[in-house]
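> For reference, the sequence and a predicted model appear below.
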Protein chains: 2
Amino acid sequence: MPKDKEPKLSFNLKTPKGTKDWAGSDALLRDRIFSTIADVFKRHGGTALDTPVFELREILAGKYGEDSKLIYDLQDQGGEICSLRYDLTVPFARWLAMNPDVRSIKRYHIAKVYRRDQPAVSKGRMREFYQCDFDVAGTFDPMVPDAEILRIVTEVFEELGWNGRYNIKINHRKILDGLFEVCGVPADKIRPISSAVDKLDKMPWADVRKEMVEEKGLDGAVADNIEKYVNQKGGRDLLNNLLKDEALVANASAKAGLEDMGLLMDYLEAFGVLDKISFDMSLARGLDYYTGVIYEVVTEGSAPAVASSAPEAQAVQKSGKKGKSKDANLEDDDRSNDPTLGVGSVAAGGRYDNLVGMFLPKAQIPCVGVSFGVDRIFSITKARIEREKSAEALRSSEVDAYVMAFGGKGFTGMLKERMSVCQTLWNSGVKAEFSYKVKPKLPQQFKAAEQASVPFAVILGEDELAAGKVRVKEMGLEDGHPEKEGVLVDLATLPAEVKARVARKREGAAAAVTQQLGGLKVDA
Amino acid sequence: MPKDKEPKLSFNLKTPKGTKDWAGSDALLRDRIFSTIADVFKRHGGTALDTPVFELREILAGKYGEDSKLIYDLQDQGGEICSLRYDLTVPFARWLAMNPDVRSIKRYHIAKVYRRDQPAVSKGRMREFYQCDFDVAGTFDPMVPDAEILRIVTEVFEELGWNGRYNIKINHRKILDGLFEVCGVPADKIRPISSAVDKLDKMPWADVRKEMVEEKGLDGAVADNIEKYVNQKGGRDLLNNLLKDEALVANASAKAGLEDMGLLMDYLEAFGVLDKISFDMSLARGLDYYTGVIYEVVTEGSAPAVASSAPEAQAVQKSGKKGKSKDANLEDDDRSNDPTLGVGSVAAGGRYDNLVGMFLPKAQIPCVGVSFGVDRIFSITKARIEREKSAEALRSSEVDAYVMAFGGKGFTGMLKERMSVCQTLWNSGVKAEFSYKVKPKLPQQFKAAEQASVPFAVILGEDELAAGKVRVKEMGLEDGHPEKEGVLVDLATLPAEVKARVARKREGAAAAVTQQLGGLKVDA
């Protein structure tokens, strides 16, 4: 290794593969996305749960199928055998099994998970990434919590400013299982065939059929039966058509699923979000543990058009690369550079009634939940902000006022005076900074304030200060503005004056930014 | 293993040793502590940095001395060799070395760190625990950022409601090194002797002297010279006395340290916090990398009394167990069950000018920072809340309104109506819940609201709803209160009405809770 020839710097200065640092405006924007999502979770009575970043290895074993190979293991250093968590769902089920006094809960969890997958940093597929999960555990009347989870999904994306530019696809495992039976799929092939169907958003039917028949040994006629069903998308109309399908309704599983779906649509209507949801028979989801309703949120553009035979949608589907088997992970594809395209799903989830029972057979606690893929949501939101050049939204700190000083010959720098004025501002909760130089030049101080996009300068001059006054100047005002040179303010009223001006400026900016971001709260 | 005889439950249902789940009111209270601390950091212009939970192992190597054995290693699974981070300071230095365009920054980082130490869960010493760090990197005029860090420390504890019930001890590595030289400590013994001095808050002088002379081979007369200095505590008076000490002032290192200390006190005075700080010559801090001012925050009671010879303080010191070597970790001792006693330091830090240079020799970026030990801060805050029985502060969710329904014979449960009213409330940002039962009984619904300490019930009756009205009832009102039975409200004005009542109730509660908690924000 040539590195050995450089004795002074033997460090490999990087973060581990598939991980990255989050700094500056990216970190701030991501924090705002977190608090927007957490606010929605709390609005629905969510209570926070935080679990350790690693679990005993046996807790994770047997939960992720062939993706178990992607789990990060800790070295055996002479204690328990542990692994980094792969998702937030299995730790939640482990926690429920460990806490027998909790039989129902709405919990949320925003934290990092770890997958030793091949990273694709530019596409946002990382080995360390955040998930934001909301789950409802407990035995309740059918479809009521399921409907609230879908309501939460719409609230999150509306508050993030996506203004309906997303598609919530729903389906039901019992409908799928029933239709596979009706079509003639042998019982042992139902899960593999379901996985093949799930690729329909990335592959044309011809390729999926090939996988079913050639790889998975399904009778071609059975595959053709399946095609008729899984190409269907819609809303209540589709549900009503399926209810008229005598073969389907005669199947107990399909019938139960269709009844659930009818109830769900009623409840979604009461929640005012039925129009945001698309009943999509091709949605199957990879994870084995789902037992009821399943859903996936795709952004406009990455979603296949609802009319399945539209030539455009077919073209988009054909250009998508062949996806590998899907699981709780939110998979990438790479259709386009448009940030609203090609990031795959941005949220996904469903009902899983048997997972807790894998830890504690006597405790069957039904659960339903959703996981938001924040790294993808971040990429899309950031691209939109950059397109719209919203400087306010891309600041790396949130400072309101920069306290500076100037003077003529014999100027001392007024360091202690600047400190004292900062103290007054901090005491009132105003975010304020000052130069760490003893004698800074005025242009340096203005430059520092400008670079950090600080909206207001508080300027100390010796004579003015002696008279108990300082100058408050809004940064970036145009020549000729009546307050271009700032206004003199009594020291005693300075914090209130700055607060009022910050609030006024923010109100004005908020209107503009709300329009740009479509609602994402700019102040976390 | 007897476990093998239980085939049905082969899982060991627990979290790994030294880790725990955070749920319910504990998780909510800890989140509030995080946001209180983060708000202070942002008020001082802090910008967020988030680094991966694991680093290349070579990044951590050689930074923690003998405590390196406590680092968690990841298993070699055929890629890079990584370890879990041990603190947030080394990853920050690594990030600075990797980003040559950043030469000055105020960064904060709130995240978990990992130490394979012997856990003492009841005392809050865990293997996975949170740190909240604020650091200023960059070349500035002396002691200006150092003073702001100490101002930040006071703001954090005041906002947490500690009302001065803490002691910030400060000292300076250059003063210590100088006085050791003046006392006659050989150069190669300065670090070990410094470590021994650092134990003076846990051990009486006689034991520390014994360690110096018997374990570390120091001349007894030199130890006696040291005693005269390290027993001293005070403020400006102590500084002035030391400046009159000719031998000390003749030492270049001590002189530089004393000059720094004078400047620091001037600045702390300008920041209005000089009275909160105690200049303590016995504070040495274990970590090798400190180069300037050092500090440690102890809670009232766990701190030795400032007058070093007070019999009470001596008694407390003698009852303390012999501490093991101290490092960046915030060590336990076990003096008492009083939550303000015996948790050791709750925050600590100092100036470290050479750490970044360990990664990139050509880039010397001086740094100064502080780390808050949140788990300890949590334990103390929670104990105080429990003592004061503040139900509001110990809720596990933040729901404002529970939407319920009742009716006579033939009552349908009004599920969709409850959903629709919830929708209206959520649309206005009101946190609301409802029962997931189709036909819940009224007492069940009241019980659920009570158990979650929800402050308001919104009650739907069939006749009232037909007239466009619902009943808003404050929970827990006494018999005879004019609004005991609730008030009828137009559906159209319901969200505004609930919001106004929540705000009014909160204002009243806030006054009471502020008194109880001394200021900790109850609404994050």
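Thanks, I have it.

> Next, the residue in the stretch 201-350 of chain A that chain B sits nearest to: phi, psi?
Residue nearest to chain B within the stretch 201-350 of chain A: residue A:270 (3.8 Å; C-beta to the nearest C-beta). Glycine gets a C-beta too; all of them are placed from N, C-alpha and C. Residue A:270 adopts backbone torsions of phi -60, psi -30, taken as degrees, to the nearest 10.

> Walk me through the domains of chain A.
A:24-387, A:397-517 (automatic domain parsing).

> Comparing those domains, which comes out most buried?
domain A:24-387 (a mean of 19; mean count of other C-beta atoms under 10 Å in any protein chain shown).

> which residues in the stretch 251-400 of chain A form helices?
Applying DSSP state H, counting those that start in this stretch to the stretch 251-400 of chain A gives helices spanning A:252-270, A:311-319, A:355-359, A:374-387.

> quick revisit: save the domains of chain A as CSV, and put in mean pLDDT too.
As requested, the domains of chain A are arranged in CSV below (pLDDT from 0 to 100):
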stretch, mean pLDDT
domain A:24-387, 86
domain A:397-517, 90
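
> Reformat these as CSV; add distance to residue A:16.
As requested, these are exported to CSV (distance: least, C-beta to C-beta, whole Å):
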stretch, distance to residue A:16
domain A:24-387, 7
domain A:397-517, 28
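
> Residue B:465: which of those is closest?
domain A:24-387 (13.6 Å; C-beta to C-beta).

> And the closest one, end to end?
18 Å (C-alpha to C-alpha, to the nearest Å).

> same deal with stretch A:160-179?
End-to-end for stretch A:160-179, by C-alpha to C-alpha: 37 Å.

> and it, does that touch chain B?
No: Stretch A:160-179 stays out of contact with chain B when judged by C-beta under 8 Å from any C-beta of the partner chain, the minimum separation being 14.9 Å.

> what's the spacing between the residue positioned nearest the centre of chain A and residue B:22?
By C-alpha atoms, centre = their mean, chain A has its centre lying nearest to residue A:374, at 2.6 Å. Residue A:374 sits at a distance of 20 Å from residue B:22 (criterion: C-beta to C-beta, to the nearest Å).

> Residue A:77 and residue A:230: what is the separation?
Residue A:77 is 50 Å from residue A:230, by C-beta to C-beta.

> do the same with residue A:102
38 Å.

> same thing with residue A:183?
Taking C-beta to C-beta, one finds residue A:183 at 10 Å from residue A:230.

> same question, residue A:269
Residue A:269 is 25 Å from residue A:230, by C-beta to C-beta.

> got CSV for the helices of the stretch 251-400 of chain A, with distance to residue A:243 too?
Output for those, formatted as CSV (distance: least, C-beta to C-beta, whole Å):
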stretch, distance to residue A:243
helix A:252-270, 6
helix A:311-319, 26
helix A:355-359, 30
helix A:374-387, 36
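
> Out of those helices, flag the one nearest residue B:30.
helix A:374-387 (20.8 Å).

> by contact count, what packs against the closest one?
helix A:24-43, strand A:128-137, strand A:345-352, helix A:494-517 (3 or more C-beta pairs under 8 Å, 6 or more residues apart in numbering or on different chains; DSSP states H and E).

> which is the next helix or strand following that helix?
strand A:401-406 (DSSP states H and E).

> Would you pull up how far that following strand lies from the middle of the chain?
Relative to its chain's centre, strand A:401-406 lies at 39 Å (C-alpha atoms, centre = their mean, to the nearest Å).

> residues making contact with it?
Residues from elsewhere that reach strand A:401-406 (C-beta atoms under 8 Å, 6 or more residues apart in numbering or on different chains): A:411, A:413-414, A:417-418, A:421-422, A:425, A:430-435, A:440, A:442, A:445-446, A:448-449, A:452, A:454-461, A:498, A:502.

> Out of those residues, which are close to chain B?
Okay, of the contacts of strand A:401-406 touching chain B (C-beta under 8 Å from any C-beta), that's A:417, A:422, A:430-433, A:452.

> The residues you listed in helices, which ones?
A:417, A:422 (DSSP state H).

> Span of stretch A:270-284 from start to end?
Start-to-end, stretch A:270-284 (C-alpha to C-alpha) is 26 Å.

> hang on, the residue nearest to the centre of chain A packs against residue A:133?
No: between residue A:374 and residue A:133 there is no contact under C-beta atoms under 8 Å: 10.6 Å.

> mind checking the SS state of residue A:482?
coil (DSSP: H, G, I helix; E, B strand; the rest coil).

> Could you do residue A:96 as well?
Strictly by three-state DSSP, residue A:96 counts as helix.

> check contacts around the residue found closest to it once you drop the neighbours it is linked to in the chain.
Spatial nearest neighbour of residue A:96, excluding adjacent residues (C-beta to C-beta, 6 or more residues apart in numbering or on different chains): residue A:356 at 4.9 Å. By C-beta under 8 Å, 6+ apart, residue A:356 lies in contact with A:93, A:96-97, A:137, A:363-365, A:367.

> Could you rerun that using 6 Å?
The contact partners of residue A:356, by C-beta atoms under 6 Å, 6 or more residues apart in numbering or on different chains, come to A:93, A:96-97, A:363, A:365.

> what does the stretch 1-150 of chain A put close to chain B?
Within reach of chain B by C-beta under 6 Å from any C-beta of the partner chain, the stretch 1-150 of chain A has these residues: A:8, A:11-13, A:15-17, A:19, A:21-23, A:27-28, A:31, A:42-43, A:45, A:47-52, A:54, A:56, A:58, A:73-75, A:80, A:82, A:95, A:97-98, A:128, A:140-141, A:144-145.

> taking these one by one, which sit in strands?
A:22-23, A:47-50, A:54, A:56, A:82, A:128 (DSSP state E).

> now do the same end-to-end measure for stretch A:110-128.
First-to-last distance for stretch A:110-128 - C-alpha to C-alpha - comes to 13 Å.

> cool, and stretch A:71-78?
Per C-alpha to C-alpha, the first residue of stretch A:71-78 is 20 Å away from its last.

> List of residues touching that stretch?
A:54, A:60, A:82-84, A:86, A:114, A:116, B:73-75.

> Would you reformat those as a markdown table and include distance to residue B:345?
Below are the contacts of stretch A:71-78 laid out as a markdown table (distance: C-beta to C-beta, whole Å):
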| residue | distance to residue B:345 |
| --- | --- |
| A:54 | 27 |
| A:60 | 36 |
| A:82 | 29 |
| A:83 | 33 |
| A:84 | 30 |
| A:86 | 36 |
| A:114 | 32 |
| A:116 | 38 |
| B:73 | 28 |
| B:74 | 30 |
| B:75 | 34 |
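
> Now flag whichever of the residues you listed is closest to residue A:69.
Looking across the contacts of stretch A:71-78 and measuring by C-beta to C-beta, the closest to residue A:69 is residue A:116, at 7.7 Å.

> For the closest one, give me its contacts.
Counted by C-beta under 6 Å, 6+ apart, residue A:116 has contacts A:70, A:72.
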